[in-house]
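Trainee: structure for the following, please:
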Amino acid sequence: MLTTNSRLEDTVALMAEIGRKARAAARPLALAPAKQKNDALAAMADAILRDEQNILDANAIDLKNGEESRLSPAMIDRLTLTPARIRGMAEGVRAIADLRDPVGDVIAEWDRPNGLHIERVRTPLGVIGVIYESRPNVTADAGALCLKAGNPVILRGGSDSLNSSAAIHAAMAEGLKTASLPEDAIQLVPVADRAAVGEMLKGLGGNLDVIVPRGGKSLVARVQSEARVPVFAHLEGLCHVYVDKSAKLDMAIPLIVNAKMRRTGICGSAETLLIDRAVAQTHAVPILTALADAGCEIRADSETCTLYPAAKPATEEDWATEYLDAIISVKLVDGISGAIEHIERWSSHHTEAIIAEDNQAVERFFNEIDSAILLHNASTQFADGGEFGFGGEIGISTGKMHARGPVGVEQLTSFKYRVRGKGQLRP
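Mentor: Residues are numbered from 1 along each chain as shown. Below is the predicted model:
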């Protein structure tokens, strides 16, 4: 029987080996031509479709375990794979293959008075660690994006999705092998031991260059407090929709229902609805009725409860809650100024939307709110790298260093300078 210490030693040794293998794969992957990477991605997509039943069988085990451990409906939704979602995964991998290869792109170039020609050129970031919960499709998205940008990746999925992620990873590894790329370019941590995360946060002996956490508050907080390598922060999606007095009601109703109810368990789902007090009498009840008819629970401030008695009274905690469920908090505000004040106090700086026809209100919203994604007359559920034309995303970064918003292939690169001269000497 293994003792706690021996299990820890085994995990430490396992993670150190994974880190060494990833670093060994970095150079050949960084030098791989675009065609070879694209061939690997195409083979991965084929393998995902071919292995559909194996992936569904593995997912069924995870779903059974999740139901027995009483995962929330939102978490079950994130965990669930269907034939349509598997096809979507494969299509996403193909879309990434179709993107322009960022490695080697000249971002900028200029000449100096002394005749030096300087170029800023995209390069891979290095070995990337992705720590995520529940969503097994991240295995395909993150693996494909990192590969396209020339980066080896170490994937550590949640214990609740371990079987599904392993089945998807097997298809990814098959694609790498088909294209004669290092199979260690995409590795999945095969154990659920939390100590594996601790080793990644330490940097795997200098072999990990960046960490991307995708999960709840506790995971992100742990990564941010303990990581010894740079982090692309992916905080919770406490997303707001503001209905301005100039909003068209016939646009606002379906847009808000979509923003909240299309998929309640994703980070781009709207969690708080703000309505301009000037149109509360005409707009609030039709909007809230449509939400309720779609199955959404309404938690509202006292003024809104007076207008719509079916709502439950909101507490201060509601303004700070990412429900990831069919629940929305609602508040009346004094125009654009009131909306901005509320959002700046409570937002996680992920995604906010304004529904308005008044261009001045829209410009104030865009200029004064400091969130990664701002939308005008569009659902917050468009907060997605695929919808941005990135082919997919490794996450939505809410930080301000290096990458912000959807992290796609370009955001997974750094750069170097190439300086060309003709014998210049510095005086």
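Trainee: now the strands for the stretch 51-200 of the chain?
Mentor: 106-111, 117-124, 128-132, 153-156, 186-188 (DSSP state E, counting those that start in this stretch).
Trainee: OK, contacts around Asp111?
Mentor: 117-118 (CB atoms under 8 Å, 6 or more residues apart in numbering). Glycine gets a C-beta too; all of them are placed from N, C-alpha and C.
Trainee: Ala47 now?
Mentor: 170-172, 174-175.
Trainee: and which of those is nearest Asp141?
Mentor: When the contacts of Ala47 are compared for distance to Asp141 (CB to CB), Met172 wins out at 10.7 Å.
Trainee: next one: the residue nearest to Ile118 when sequence neighbours are not counted, what pLDDT does it get?
Mentor: Distances taken as CB to CB, 6 or more residues apart in numbering place Val419 nearest to Ile118, at 5.2 Å, with adjacent residues excluded. Looking at Val419, its pLDDT stands at 96.
Trainee: run a quick neighbour tally on Val419.
Mentor: Using other CB atoms under 10 Å, Val419 is surrounded by 10 other residues.
Trainee: that one touches Gly115, doesn't it?
Mentor: No. Using CB atoms under 8 Å, Val419 makes no contact with Gly115, being 10.9 Å away.
Trainee: what residues do those two have in common as contacts?
Mentor: Common neighbours of Val419 and Gly115 (CB under 8 Å, 6+ apart) do not exist.
Trainee: next, the residue nearest to Ile118: phi, psi?
Mentor: phi -120, psi 120 (degrees, to the nearest 10).
Trainee: what distance do you get for it to Asp111?
Mentor: 11 Å (CB to CB, to the nearest Å).
Trainee: return every residue with contacts to both of the two.
Mentor: With CB under 8 Å, 6+ apart as the test, Val419 and Asp111 both reach 117-118.
Trainee: so of the contacts of Ala47, which ones are in helices?
Mentor: Those of these mapping onto helices are 170-172, 174-175, per DSSP state H.
Trainee: buried subset of those residues?
Mentor: 170-172, 174-175 (16 or more other CB atoms under 10 Å).
Trainee: adding distance to Asp244 and pLDDT, write these out as CSV.
Mentor: What follows is these, written out as CSV (distance: CB to CB, whole Å; pLDDT from 0 to 100):
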residue, distance to Asp244, pLDDT
Ala170, 50, 97
Ala171, 47, 97
Met172, 45, 97
Glu174, 51, 96
Gly175, 48, 97
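Trainee: closest to Asp98 out of those?
Mentor: For these, the nearest to Asp98 is Gly175 (15.3 Å; CB to CB).
Trainee: next up, the contacts around the closest one.
Mentor: 40-47.
Trainee: so what secondary structure elements neighbour the one helix or strand Ala221 maps to?
Mentor: Ala221 is located in helix 217-226, with elements delineated by DSSP states H and E. Using 3 or more CB pairs under 8 Å, 6 or more residues apart in numbering; DSSP states H and E, the elements in contact with helix 217-226 are helix 194-202, strand 210-214.
Trainee: what's next to that helix, contact-wise?
Mentor: Contacts for helix 217-226 (CB under 8 Å, 6+ apart): 131, 133, 197-198, 201, 211, 213, 231, 233-236.
Trainee: buried ones among those?
Mentor: 131, 133, 197, 201, 211, 213, 231, 233-236.
Trainee: low-confidence ranges, the stretch 251-400 of the chain, go.
Mentor: Along the stretch 251-400 of the chain, segments meeting pLDDT under 70 are nowhere present.
Trainee: do a quick rundown of the strands in it.
Mentor: So, for the stretch 251-400 of the chain - with DSSP E, counting those that start in this stretch - the strands run 270-276, 297-300, 312-313, 327-333, 351-355, 373-376, 396-397.
Trainee: need those in a markdown table with mean neighbour count, can you?
Mentor: A markdown table is the format used below for those (neighbours: other CB atoms under 10 Å):
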| stretch | mean neighbour count |
| --- | --- |
| strand 270-276 | 27 |
| strand 297-300 | 21 |
| strand 312-313 | 12 |
| strand 327-333 | 24 |
| strand 351-355 | 28 |
| strand 373-376 | 20 |
| strand 396-397 | 24 |
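Trainee: wait, which of those is closest to Glu67?
Mentor: Short answer: strand 327-333, nearest of the strands of the stretch 251-400 of the chain by CB to CB, at 21.1 Å.
Trainee: give me the mean pLDDT for stretch 37-48.
Mentor: For stretch 37-48, the mean confidence score works out to 98.
Trainee: ok, back up a step: of the strands of the stretch 51-200 of the chain, which is nearest Gly338?
Mentor: So among the strands of the stretch 51-200 of the chain, strand 128-132 is nearest, using CB to CB, at 36.1 Å.
Trainee: buried residues in stretch 306-316?
Mentor: For stretch 306-316, by 16+ other CB under 10 Å, it's 307-308, 311, 314.
Trainee: right, I mislabeled it, should have said stretch 44-51
Mentor: 44-49, 51.
Trainee: and stretch 222-234, by the same measure?
Mentor: 222-223, 227, 229, 231-234.
Trainee: output the longest helix belonging to the protein.
Mentor: helix 4-31.
Trainee: gap between the following helix or strand past that helix and the chain center?
Mentor: Using DSSP H and E, the helix or strand that follows helix 4-31 in sequence is helix 34-50. Mean-position distance between helix 34-50 and its chain equals 22 Å (CA atoms, centre = their mean, to the nearest Å).
Trainee: all helices of the stretch 51-200 of the chain, in order?
Mentor: 52-68, 73-79, 83-98, 137-148, 162-178, 194-202 (DSSP state H, counting those that start in this stretch).
Trainee: the shortest one - contacts with which helices or strands?
Mentor: Contacts of helix 73-79 with other secondary structure elements, assessed using 3+ CB pairs under 8 Å, 6+ apart, are made with helix 52-68.
Trainee: contacts only, for Phe366.
Mentor: So, once contact is read as CB under 8 Å, 6+ apart, Phe366 ends up touching 374, 376.
Trainee: try 6 Å
Mentor: Leu374 (CB atoms under 6 Å, 6 or more residues apart in numbering).
Trainee: repeat for Gly268
Mentor: 237, 351, 380-381, 383.
Trainee: widest-spaced pair of these?
Mentor: Gly237 and Gln381 (10.3 Å).
Trainee: so Arg156 sits against Val189, correct?
Mentor: Yes. Between Arg156 and Val189 there is a contact under CB atoms under 6 Å: 4.2 Å.
Trainee: just to revisit the earlier point, from the buried residues of stretch 44-51, pick the one nearest Ser302.
Mentor: Ile48 (50.9 Å).
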